[in-house]
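Q: Could you look at this predicted model? Sequence included:
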Amino acid sequence: MKISLEGQVAIVTGASSGIGRAVAEAMGAAGAKVAVNYRSQPEAADEVVATITNAGGEAFAIKADVSDEAEIGALFAETVWRYGAIDIVVANAGMQKDSGAAEMTLDDWRKVIDVNLTGQFLCARAAIRQFRAQGRRDVSKALGKLICMSSVHEVIPWAGHVNYAASKGGVMLMMKTLAQEYAQEGIRVNAIAPGAIRTAINEQETQGEAAKALLKLIPYGRIGVAKDVANAAVWLASDLADYVVGTTITVDGGMTLYPEFRGNG
């Protein structure tokens with residue numbers, strides 16, 4: 001079955017690389033017009049736009065720091081100006097600044113929380129306001145669809161990454177609270193929690209001996225690719241998932257099954 005998002009408009013934040021890039025390209029391939037957000041990689045964002053448009057879709061690249069309220073406002077305003085509406089928002093942009101908690105600077109704590117959690121809140125608030133303002137459209141059963149990008153570390157503690165884990169735990173309860181608050185208006189809010197996904201950023205951790213060690217944590221026996229997450233995002237954004245509300249779709253090959261306990265711990 002081919003999932004269609006024809007006639008819909010999607011914003012994907014952090015879409016110039018990795019998971020965000022795969023999500024943006026998959027949304028475009030499914031027929032959505034896509035705002036490809038980036039913060040610091042304009043050439044990479046242009047490549048994403050080219051991939052979508054060369055396949056017959058519509059897309060444009062736009063710079064915005066998701067932790068900046070004014071820039072989020074401009075991102076949404078530009079998308080509406082170009083395409084007339086917004087139907088799907090994928091709040092994907094995120095970052096890591098890793099260290100042990102005792103060594104972590106307050107700046108590194110705040111920066112990760114600002115981007116990963118506050119940035120998703122700002123996107124969510126802008127999305128809800130836009131969905132309400134434009135009203136129901138004939139392109140989807142829902143008033144609007146918001147997808148928060150979480151992580152398996154919304155449930156798995158991660159030593160050496162306390163700011164990241166805290167941000168993703170916050171995303172999980174933020175998503176559920178928003179879903180509880182706005183489902184009655186026809187707004188579907190859900191999340192995706194990727195596990196180990198092979199991207200350019202973590203190439204060192206997903207190749208060679210490091211990959212062998214990582215695979216011990218993945219019962220399904222392979223490291224994920226960004227397309228695995230993108231497929232879940234397209235499905236969540238479609239009417240095939242119309243009764244899915246306030247749920248985290250975990251895309252992790254079974255990592256959250258705690259495989260260390262297969263032999264009784």
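A: Happy to help now that I have it.
Q: L5: neighbour count?
A: Close neighbours of L5, defined as other C-beta atoms under 10 Å, add up to 25. All C-beta atoms are positioned from the backbone trio N, CA, C, and that covers glycine.
Q: and if you look at G208?
A: Neighbours of G208 (other C-beta under 10 Å): 9.
Q: what sits up against stretch 51-71?
A: 13-14, 16, 24-25, 28-29, 31-39, 42, 45-46, 48-49, 72, 74-75, 78-79, 82-83, 91, 93, 114-115, 118-120, 122-123 (C-beta atoms under 8 Å, 6 or more residues apart in numbering).
Q: And stretch 122-135, what's buried?
A: L122, C123, A124, A126, A127, I128, Q130, F131, Q134 (16 or more other C-beta atoms under 10 Å).
Q: Among the residues you listed, which lie within helices?
A: L122, C123, A124, A126, A127, I128, Q130, F131, Q134 (DSSP state H).
Q: Next secondary structure element downstream of the helix or strand of the chain with the lowest mean pLDDT?
A: Ranked by mean pLDDT, DSSP states H and E, the weakest helix or strand in the chain is helix 208-215, scoring a mean of 91. Going down the chain from helix 208-215, the next helix or strand is strand 224-225, by DSSP states H and E.
Q: for that next one, packing partners?
A: strand 197-198 (3 or more C-beta pairs under 8 Å, 6 or more residues apart in numbering; DSSP states H and E).
Q: Neighbouring strands of the strand it packs on in the sheet, and parallel or not?
A: Sheet pairing of strand 197-198 (DSSP bridges) gives strand 224-225 (parallel).
Q: Distance from the strand it pairs with to the middle of the chain?
A: 15 Å (C-alpha atoms, centre = their mean, to the nearest Å).
Q: what does that strand rub up against?
A: A22, P194, G195, A196, I197, R198, V251, D252, G253.
Q: For L146, what are phi and psi?
A: In this entry, L146 is assigned phi and psi values of phi -120, psi 130 (degrees, to the nearest 10).
Q: where exactly do the helices run in the stretch 151-265 of the chain?
A: Ranges of helices within the stretch 151-265 of the chain are 162-182, 208-215, 226-237, based on DSSP state H, counting those that start in this stretch.
Q: list the buried ones in the shortest one?
A: With burial defined by 16+ other C-beta under 10 Å, the residues of helix 208-215 counted as buried are A211, L214, L215.
Q: picking up where we left off before, CSV for the helices of the stretch 151-265 of the chain, including distance to D108?
A: As requested, these are exported to CSV (distance: least, C-beta to C-beta, whole Å):
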stretch, distance to D108
helix 162-182, 6
helix 208-215, 24
helix 226-237, 26
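Q: and among those, the most buried is which?
A: helix 226-237 (a mean of 22; mean count of other C-beta atoms under 10 Å).
Q: Now find how far off-centre that one is within its chain.
A: 9 Å.
Q: cool, stretch 251-259 as well?
A: 19 Å.
Q: now do stretch 159-178
A: On C-alpha atoms, centre = their mean, the centre of stretch 159-178 falls 13 Å from the chain's centre.
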